[in-house]
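1. got a sequence here, can you model it:
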Amino acid sequence: MLESPVMTTCWSRRGFLTVGTGTAVALSLPASSRATAVDEFAPLRAKWRTLILGEGFSPTAEPFRSRLAQLGTTARRFQSTMAPASGSLWPDLVYADPDPDTDQESAGYSANMNTSYNRLNTLAQAYCQQGTGLTGDTGLRDTILTGLDHLHDDVYNDAQTFYGNWYNWQIGAPQSLLDICVLMYEELSAAQLTGYLTAVDHFVPDSAVADYSGNSTGANRVDLCRVLAVRGAVGVNAAKIALARDALSPVLPYVTSGDGLYTDGSFIQHTTVPYTGTYGAVLLRGLGMLFALLTASSWEITDANRQIVFDAVEHAWAPFLYNGLVMDCVSGRAISRGLSATGTIQQDDHLRGHPVLAAIVLLGQGASATENARWRALVKGWLQRDYYSPPMDDRLISLPGLALLKAVLDDTSVTAIAEPTGHRLFTSMARATHRRPGWAASLSMADRRITYYETGAGENLHGWHTGAGMLYWWGDTFANGQYSDAFWPTVDPYRLPGITASRKVLADAAGGDWGASVPDVDWVGGATDGQRAAIGQQLKGLQSTLTAKKAWFCLDDAVVCLGAGISCSDGTAVESTVENRNLGPTGDAPFTVDGTAKPAIYPWSETLTGAGWAHIGGHGGYVFPGGASVQALRDARDGTWSSINKGGSTAVVNRKYLTMYIDHGTDPVNAVYAYVLLPGASAAQTAARAADTTWLTVLANTDGQQGISVPTLGFTGVNFWSGGTTGALVANGPCCVTITERNDGTAVICVSDPTRLQTSLTLTWNRPVSAVTSQPPTVTSATTGSSLQLAFGDLSTTAGVTQKITVTLG
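-> Numbering: from 1, shown residues only. You can find the predicted model right below:
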């Protein structure tokens, strides 16, 4: 019995060449004028065909059998509904704009043009892939060719002026068109190819990559280079491919402002938006595809800065990947893409994460053997642990991506690596991740370089407060769907977990599109030794008079959260949200406060006066040092995706929430809060922590300083918003400090300048120190003895990065 065919290439109407095992192999491309220099260009087209169709999988084995059948079903639907007419190819995708410009309405029309090409691409893949029921179907072939000619004659040609969203004309449509040209290459005449390529050249001229600025940076530049490279391969144009290769070079180095990768692992797109999870994923996948396409060719990418991209896999992407998901704090406006207007699932944090894993596997093929082996082990762990949204059941990931991931899962030589642990501060994008055995958390802030949130194209209309100190967290085997399960359309956007916000009503998309609004603050950042951290945010509310100082101390099994100087004159209430847990459609998680079970009915609310601790069953615990007055409620909230994304579904969804918040009242002055988050803790563990009043000492919680000490950990952390004294530490200016005293008689001192403004700093620790054993160049002098005095030179050029000093205690 022959083995099942393994998918590698496109079917041709000229027939198939079948060899011993039943593997399908494409016939050689026909000799023609457009196939000159075939030794260079035909192999590139073959490589690209493999990259967009996938390889190494059996079309009769699951999950590929079902996916290919699904592709065939979708293609039949598109084929049966295609109806070429002036201004449209499908009746539901009218692209003729009666009043063309660049407003939101016109963007909808240009998106329809783009989607029309995407549908033709789906048809072409169904034609080329085995197992679709349409493989090599002449009727489908004719439908594709008719559609291509119609779009070319009617809208995408060299006489057309673009309208709507530039992306649709320069990236979206040409990428799909060129993919189709590769897949249908033998079916297209020279005249057709010439016309299509002329249109691409019109909308994506060489000048599109002449300057590294505007829309031609970061992930967008990689996408443009993909267009140029594939256009060159299809059109047998060496100059286009060389331009694509060379135009990638500005993407690779580290940047210090604007779009791109930063030395601290940050990734920015749209100038002010942390975007590791979406645009960053596009960049990673695009580079992986282009590296693979051009390797061993005359245009191989040999820029030494390729290594920066390889290093970024673990430095920039891995910290935001957890059990297969990519954290929402680095996904920008994409968090609002849940269900489309037609009810189609678009994405969530897991569905965004799976393509990132596939991109890492693809990129690994061009990395060192050591890097490739480690990345495959990391990816295997993420795949195996994704219990909430198993990647092999992902109906949205591309077939090539699915094949890459399945190959890793099936590779018995690869042993999965556990989730990496440790703390990472991304000061260049005001983000942090804290990963411990059993759980992970991330923090989202904003400063004068990083926007409050991103809206645009009618998306993420209520993301206003996501940068106001939102604290996300997940358990290793629980709560992995916390933000995946209809969280964004149903959560109260004024009560996101961890934030402090005014209840002042904000308009949809308040603050402007594309990350336009940034707070006029400098002190945002922290200090870390790689395991623990102190983090602070000088908060100014979006379109609000609210000001506050927020601090987080990230420890072994807890995050200590402090707030001070909370003042506002909006004439509305101000709240600090301790937690707003999505309990799903049923919401039956028990809630216990100081040992008393609270009602599990909806709606329910209560003022918890003098609360010492609280616990949400199956999630974690919360301790309120010294007791606190906390508002608690169970709330069944309705919402629609269309309320936060104009392209979203209008269907009403309902999720049940358990919320705890501190009500600071209307127009508070210097209000405060303090609580401890214990992810994954049991009720007994939470009660024990609350009873141990010596575990945590709050050294300060004022507008000038916020600090804590945890003696059992030897940990002290202080945010000096201005110079002053806190505990045994004295600073003469703004800074962040952590100290960990070790059992071996040494200590690690971490200092940073989150403001990026300090040209000098003196820090005194009133603790006997006998020697300084290591110090960075920023330390200009160190005096030991009964106390330690550290003098720092210019810290304004350190980008808020932690300066680490080790000492021997006296």
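2. can you pull the contacts of the residue nearest in space to the middle of the chain?
-> The centroid of the chain falls nearest to G277 when counting by CA atoms, centre = their mean (1.8 Å). By CB atoms under 8 Å, 6 or more residues apart in numbering, the contact set of G277 is F320, V326, M327, D328, V330, S331, G332, A334, D349, R352, G353, V356. (Each C-beta comes from the backbone N, C-alpha and C, glycine too.)
3. ok, now A292?
-> K47, L51, L362, Q365, G366.
4. let's see the pLDDT reported for the second one.
-> What that stands for is L51. What the model reports as pLDDT for L51 is 97.
5. that one and D179, how far apart?
-> L51 sits at a distance of 9 Å from D179 (criterion: CB to CB, to the nearest Å).
6. between these two, who's got more neighbours?
-> D179 (24 against 20; other CB atoms under 10 Å).
7. run a quick neighbour tally on the closest residue to D667 other than its chain neighbours.
-> Using CB to CB, 6 or more residues apart in numbering and skipping the chain neighbours, the partner closest in space to D667 is S569 (5.2 Å). When neighbours are defined as other CB under 10 Å, S569 has 14 of them.
8. repeat that for S752.
-> 28.
9. check what pLDDT F267 gets.
-> 98.
10. just to revisit the earlier point, let's see the pLDDT reported for the residue nearest to the centre of the chain.
-> We have a pLDDT of 97 for G277.
11. got it, and S32?
-> S32 is given a pLDDT of 38.
12. what do you get for R13?
-> The confidence metric pLDDT takes the value 29 at R13.
13. same thing with L2?
-> Per-residue confidence (pLDDT) for L2: 28.
14. what's the answer for the one 5 residues further on, then?
-> Here the pLDDT value assigned to M7 is 40.
15. make sure L120 is actually in contact with R141.
-> No: at 11.7 Å, L120 does not count as touching R141 under the criterion of CB atoms under 8 Å.
16. so for the two, which sits in the more crowded spot?
-> A count of neighbours by other CB under 10 Å puts L120 above the other of L120 and R141, at 26 against 18.
17. next, the distance between the ends of stretch 51-65.
-> 19 Å (CA to CA, to the nearest Å).
18. can I assume A747 sits in a helix?
-> No: A747: not assigned to a helix; according to DSSP: H, G, I helix; E, B strand; the rest coil it is strand.
19. OK, contacts around it?
-> Neighbours of A747 in contact, by CB under 8 Å, 6+ apart: G714, I739, T740, E741, V769, T806, V807, L809.
20. now do 6 Å
-> If you count contacts by CB atoms under 6 Å, 6 or more residues apart in numbering, A747 has them with I739, E741, V807, L809.
21. Throw these into JSON lines and include distance to G218, neighbour count and pLDDT, thanks.
-> Listed next are the contacts of A747 as JSON lines, based on distance: CB to CB, whole Å; neighbours: other CB atoms under 10 Å; pLDDT from 0 to 100:
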{"residue": "I739", "distance to G218": "38", "neighbour count": "26", "pLDDT": "98"}
{"residue": "E741", "distance to G218": "42", "neighbour count": "18", "pLDDT": "98"}
{"residue": "V807", "distance to G218": "41", "neighbour count": "25", "pLDDT": "98"}
{"residue": "L809", "distance to G218": "46", "neighbour count": "15", "pLDDT": "97"}
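22. what's the most distant pair in those?
-> Spatial extent of the contacts of A747 (CB to CB) is set by the pair I739 and L809 at 10.6 Å.
23. quick one: secondary structure of D794?
-> coil.
24. please name the nearest non-neighbouring residue to it.
-> Nearest one to D794, counting by CB to CB, 6+ apart, is T759 at 4.9 Å.
25. quick check: the one you found is in a helix.
-> No: read with three-state DSSP, T759 is coil and lies in no helix.
26. what number of residues lie near it?
-> Using other CB under 10 Å, T759 is surrounded by 12 other residues.
27. pretty sure it sits against L795.
-> No: counting by CB atoms under 6 Å, T759 does not reach L795; the two are 7.4 Å apart.
28. list the buried residues for the helix of greatest length in the chain?
-> Counting residues, the longest helix in the chain under DSSP state H turns out to be helix 104-128. Neighbour counts using 16 or more other CB atoms under 10 Å place 106-128 of helix 104-128 among the buried residues.
29. that one - contacts with which helices or strands?
-> Using 3 or more CB pairs under 6 Å, 6 or more residues apart in numbering; DSSP states H and E, the elements in contact with helix 104-128 are helix 64-81, helix 138-154, helix 173-183.
30. just the angle for that helix relative to helix 173-183, thanks.
-> Computed by axes from the mean of the first three to the mean of the last three CA atoms, to 10 degrees, the angle separating helix 104-128 from helix 173-183 equals 10 degrees.
31. give me the mean pLDDT for helix 104-128.
-> For helix 104-128, the per-residue pLDDT averages 97.
32. and what of stretch 331-346?
-> Averaged over stretch 331-346, pLDDT sits at 93.
33. now for G745: which residues touch it?
-> Applying CB under 6 Å, 6+ apart, one finds that G745 lies in contact with L809.
34. mind checking pLDDT for R756?
-> At R756, the pLDDT value in this model is 97.
35. so it sits against T797, correct?
-> No: using CB under 6 Å, R756 makes no contact with T797, being 8.0 Å away.
36. in the stretch 151-300 of the chain, which spans are strands?
-> Using DSSP state E, counting those that start in this stretch, the strands of the stretch 151-300 of the chain run over residues 260-261, 267-269, 273-274.
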